[in-house]
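Participant: build me a structure from this.
(chains A and B)
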Amino acid sequence: MAESVSYTEKLKAWNRKEVEKIGEKAPVTTPYPFIDIEKPPEYRGIPHINPEKCVGCGACVNACPPDALIMEWDKEHGVKRLTYNAARCIRCARCIEVCPTGAMEPTTRFEIATNSKEDLVEVVEHRLAYCEECGEYLDFTERQIEYVKNILPKEIFDMYALEDRMKLTQDAKMRVTVEKLRELEGVEYPAYLLAKRGDE
Amino acid sequence: MSKSAFEVEVECECEACEKGKCDSADLVDVLSEREGLKEFYEEFKDSIHECRRLTYGQYLFVIDRDVLPEATLWWHNHPRFKETHMSTAVGTDERAIAGKFSYMPLINVQVEAENMDRNFWVLLKAYMPADDPSFPSVAAKLPAALWIEREVKDLLGFRPIGHPDPRRLILPEDWPEGVYPLRKDMDYRHSPMREPETEFREPPEGTTTVPMGPFHMGIEEPAHFRLFVKGEEIVDVDYRGFYSHRGIEKVGEGRLTYNQVLFLAERICGICGYQHSVSYAMAVERLADVDIPDRARYIRTLMLELERIHNHLLWVGIAAHMVGFDTGFMHAWRIREPVMWLVERLTGNRKQYGMNIVGGVRRDILDYRKEEILKVVKEIREGTKKFLDIALNTNTFIKRAEGVGILPYKIAKAYSVLGPTARASGRRIDARLDQATKTAMAYNEVDFKVPVYKEGDVLARVLVRMDELFESLWIVEQLIDQMPGGDIMVPIGKLPEYAEALGFTEAHRGEVLHYVMTGEKNKVYRWKVRAPTYNNLPAIPDMLRGYNVADAPLIIASIDPCYSCTERVQFVDVRTGRVRVLTEAEFNELSIKNRGVF
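Facilitator: Numbering: from 1, shown residues only, chains lettered A, B, ... in the order given. A predicted model of the protein is given here:
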């Protein structure tokens, strides 16, 4: 949305007769909307999702008061879809505040009038991480897992053996834990006891 | 700031006491904190089940529903606490928690004017069984309760027994009987319909009805006044409004977390949004018992005062427009515009600043902006002085405003009229100084006067607002000088469950009051908003009676009504049960005097 043509440019395509007068100097008034008007740099316009930085964590969705940001899971195709609808947006910029990666970018754009509703929507699709063990998709995106790998200290990785288990579903994780425990202790506990312990 | 503001909340629940009578040591402490509490307790000892301090300066009494009228009137008509008034009331569906409904008048007790450490709030909570939600009405003796009792009747299905005018107030004409939107068993998406039925009042005999609305021509907002006239003179008025009821409270309770409600609160009103936002944030901070950083308090105060400045200029422009003095209208709005630009640079938007968060503010005031603020303040002071000089020497303006729409002190007090409207009628009230705003705002650390006029006419309302504007400019300058450093917010985290508190500010129309009761999982269980126009508008018929039809738009505009604020829920005027202070003859006299002017 933020990258689409500016409102002034769009108006030119309408071939309105006022467009010709843009060059003429009006005595007091500004021929808005046929020219761009000055906006202060602090102005809070509609936000824009930078798909390169977004990891699909959904922090913005939790913070958004009017549900302008929506998160959907499509487990069949392994896709997590983040949708931003500028028509619902109240420009409070809460999403920009809570975004951990700075993917929500502030703009000073406010002219969202358009011929088609689709222009108002931004969609970012993320690939979900795939669990090799059970052949199912996780709730997390691949990028989320990469992000966690980058920020977590190494001690925690080692403590919970995250390297191997990160890309597993909850079920597979539990199964792996049970197997690990069995190996370590070398005693054949009944499986249900171990499963319980793993759950905790 | 005195130390007591930071005291840890003292809970003194008296549930353990036998027969619900509290006589523990804690109770004595709580009751001796403020004047009048002990007296009240002695008077209603047998009916009080529980009393505790919610937070600094807010006291909750759980009383029998039978003594509600007496208890409310005891405070409202207290001989020593002259400006004490019933602010509003809250009805809550507490069936999920206590198995009962509750109705709770909120009383603003003023022991000493402009002393926030001595004044306090009294919340009188009365429980009603789930199968019989009724309570004795106080509206016949106290007009301030007229609308709120009709509101709880509409929205929660309570029955105020003995209410003089039990017509529908809030709900639209096509809403079916027996469906109560604020009860917890109703989903916020449900919207039933029936055939519309209107309930207009019969006009008095020998009068002609002049409908004014459903759209006010000057303020350009929906409101339907029906003026009953004899010739040119207004004999009586009927009001039907609440056309812009949006069900904001229900959405806030149903779906949002406490930080999301804040942005909805800001959108209750188009021009006093920040007041609502601060009030709501204050209520939540009070119940979580969090003290926000000093710098945040200062920034909030600064924004509140800038909002007051441009709102007063907006209003004086509209008033000039109403009297046909359009030059004044243009100039007032021209003077106002730099404030909007300034605010846009400070917060990122002209209105709906989005500056607040529970626990502080979101944007800091950087040093280079201080220069800009001072420049704008100077411009406005000079501009407004010049404007007032011209406006107050314009005969058309003075003649239309002087002696018109007089609101006597007694009526103002009986209806709990607030803000500049009340101060123009001689009520010495200002929530900025009267109540403990020091936890969320910095009014205790700046010096300013509260202008009070005794005339009660439209001109007095103009003068009160203009005096206030100059005081606000002075407050802004002091705030810039004294602005402390430090953090601008503290994180709140988890809220206590089922805790209640009030938040309030003095908007440019009067005291804004938010009541918040938290639920589970950081959600809001009950959120009640009372905008100042809700108390001012019922007094309009008393201002209009006896004047010309041509004065009606001006008189209505003179209280600076904001229908959208008021009508998060909805309302209508009342003749029956009104305390009649002026006699018919006095009214006639006024209208004769009035005709002489024209």
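Participant: need the pLDDT of B:Arg428.
Facilitator: Note for B:Arg428: predicted pLDDT of 91.
Participant: before we move on, what about A:Val176?
Facilitator: If you check A:Val176, the pLDDT there is 76.
Participant: which parts of chain A are strands?
Facilitator: Taking DSSP state E, the strands of chain A run over residues A:48-49, A:69-74, A:79-85, A:104-105, A:121-131, A:136-141.
Participant: closest one to chain B among those?
Facilitator: Nearest to chain B among the strands of chain A is strand A:69-74; the distance by C-beta to the nearest C-beta comes to 12.2 Å. Every residue, glycine included, has its C-beta placed from N, CA and C.
Participant: how many residues are close by the closest residue to B:Met489 other than its chain neighbours?
Facilitator: Spatial nearest neighbour of B:Met489, chain neighbours left out: B:Gly360 (2.5 Å); criterion: C-beta to C-beta, 6 or more residues apart in numbering or on different chains. Using other C-beta atoms under 10 Å in any protein chain shown, B:Gly360 has 24 neighbouring residues.
Participant: what does the one 5 residues further on give?
Facilitator: Taking other C-beta under 10 Å as the criterion, the count of residues near B:Ile365 is 20.
Participant: which phi and psi does the residue lying closest to it once chain neighbours are set aside have?
Facilitator: The spatially closest residue to B:Ile365, leaving aside those adjacent along the chain, is B:Ile299, at 5.6 Å (C-beta to C-beta, 6+ apart). The phi/psi pair for B:Ile299 (degrees, to the nearest 10) reads phi -60, psi -40.
Participant: ok so, going back, residue contacts, the residue nearest to B:Met489?
Facilitator: Contacts here follow C-beta atoms under 8 Å, 6 or more residues apart in numbering or on different chains; on that basis B:Gly360 touches B:292-293, B:296, B:487-490.
Participant: can you add mean pLDDT and mean neighbour count and give the strands of chain A back as JSON lines?
Facilitator: Formatted as JSON lines, the strands of chain A follow (pLDDT from 0 to 100; neighbours: other C-beta atoms under 10 Å in any protein chain shown):
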{"stretch": "strand A:48-49", "mean pLDDT": "90", "mean neighbour count": "20"}
{"stretch": "strand A:69-74", "mean pLDDT": "90", "mean neighbour count": "15"}
{"stretch": "strand A:79-85", "mean pLDDT": "92", "mean neighbour count": "20"}
{"stretch": "strand A:104-105", "mean pLDDT": "92", "mean neighbour count": "18"}
{"stretch": "strand A:121-131", "mean pLDDT": "88", "mean neighbour count": "17"}
{"stretch": "strand A:136-141", "mean pLDDT": "83", "mean neighbour count": "19"}
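Participant: assign a three-state SS to B:Trp527, would you?
Facilitator: For B:Trp527, the assignment made with DSSP: H, G, I helix; E, B strand; the rest coil gives strand.
Participant: pretty sure it contacts B:Thr518?
Facilitator: No: assessed by C-beta atoms under 8 Å, B:Trp527 is found out of contact with B:Thr518, at 9.7 Å.
Participant: pull up the residues of chain B that are close to chain A.
Facilitator: B:256, B:259-264, B:267, B:341, B:344-349, B:352, B:354, B:362 (C-beta under 8 Å from any C-beta of the partner chain).
Participant: of those, just the buried ones, ChimeraX syntax please.
Facilitator: Filtering the residues of chain B next to chain A down to the buried ones (16 or more other C-beta atoms under 10 Å in any protein chain shown) takes a single ChimeraX command:
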select /B:256,259,260,261,262,263,264,267,344,345,346,347,348,349,352,354,362
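Participant: about what we covered before: okay, the residue nearest to B:Ile365 and A:Pro40: tell me how far apart.
Facilitator: 18 Å (C-beta to C-beta, to the nearest Å).
Participant: looking at those two, which one has more neighbours?
Facilitator: More neighbours surround B:Ile299 than the other of B:Ile299 and A:Pro40, with 25 against 12 (other C-beta under 10 Å).
Participant: model confidence for that one, exactly?
Facilitator: Confidence for B:Ile299, expressed as pLDDT, is 93.
Participant: let me see the contact set for the residue in chain A that chain B sits nearest to.
Facilitator: Of all residues in chain A, A:Arg44 sits closest to chain B, at 3.5 Å by C-beta to the nearest C-beta. The contact partners of A:Arg44, taken as C-beta under 8 Å, 6+ apart, are A:91-93, A:106, B:347-349, B:354.
Participant: tabulate those (TSV), appending pLDDT.
Facilitator: Formatted as TSV, the contacts of A:Arg44 follow (pLDDT from 0 to 100):
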residue	pLDDT
A:Arg91	89
A:Cys92	88
A:Ala93	89
A:Pro106	90
B:Thr347	89
B:Gly348	87
B:Asn349	88
B:Gly354	86
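Participant: any stretches of the chain with poor pLDDT?
Facilitator: Using chain A. A:1-5, A:16-27, A:161, A:185-200 (pLDDT under 70).
Participant: wait, I meant chain B there
Facilitator: Checking chain B against pLDDT under 70 turns up B:1-25, B:217-219, B:564-598.
Participant: hmm, A:Leu82 is touching A:Thr141, no?
Facilitator: No: using C-beta under 8 Å, A:Leu82 is not in contact with A:Thr141, being 9.6 Å away.
Participant: isn't B:Ala96 right up against B:Lys184?
Facilitator: Yes: the pair B:Ala96 / B:Lys184 is scored as a contact, 5.8 Å apart, by C-beta under 8 Å.
Participant: the two: which is more packed in?
Facilitator: The neighbour count for B:Ala96 versus B:Lys184, taken as other C-beta under 10 Å, is higher for B:Lys184 (17 against 12).
Participant: run through the bridge partners of the residue nearest to the more buried one when sequence neighbours are not counted.
Facilitator: The shortest distance from B:Lys184 to any non-neighbouring residue, by C-beta to C-beta, 6+ apart, is to B:Asp93 (4.7 Å). Residues in a beta bridge with B:Asp93, per DSSP bridges, are B:Phe101.
Participant: contacting residues around the closest residue to chain A within the stretch 251-400 of chain B?
Facilitator: Relative to chain A, the nearest point of the stretch 251-400 of chain B is B:Gly348 (3.5 Å; C-beta to the nearest C-beta). Contacts for B:Gly348 (C-beta under 8 Å, 6+ apart) come out as A:42-44, A:93, B:354, B:363.
Participant: would you turn those residues into JSON lines with distance to B:Thr384?
Facilitator: Formatted as JSON lines, the contacts of B:Gly348 follow (distance: C-beta to C-beta, whole Å):
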{"residue": "A:Glu42", "distance to B:Thr384": "26"}
{"residue": "A:Tyr43", "distance to B:Thr384": "27"}
{"residue": "A:Arg44", "distance to B:Thr384": "29"}
{"residue": "A:Ala93", "distance to B:Thr384": "33"}
{"residue": "B:Gly354", "distance to B:Thr384": "28"}
{"residue": "B:Arg363", "distance to B:Thr384": "27"}
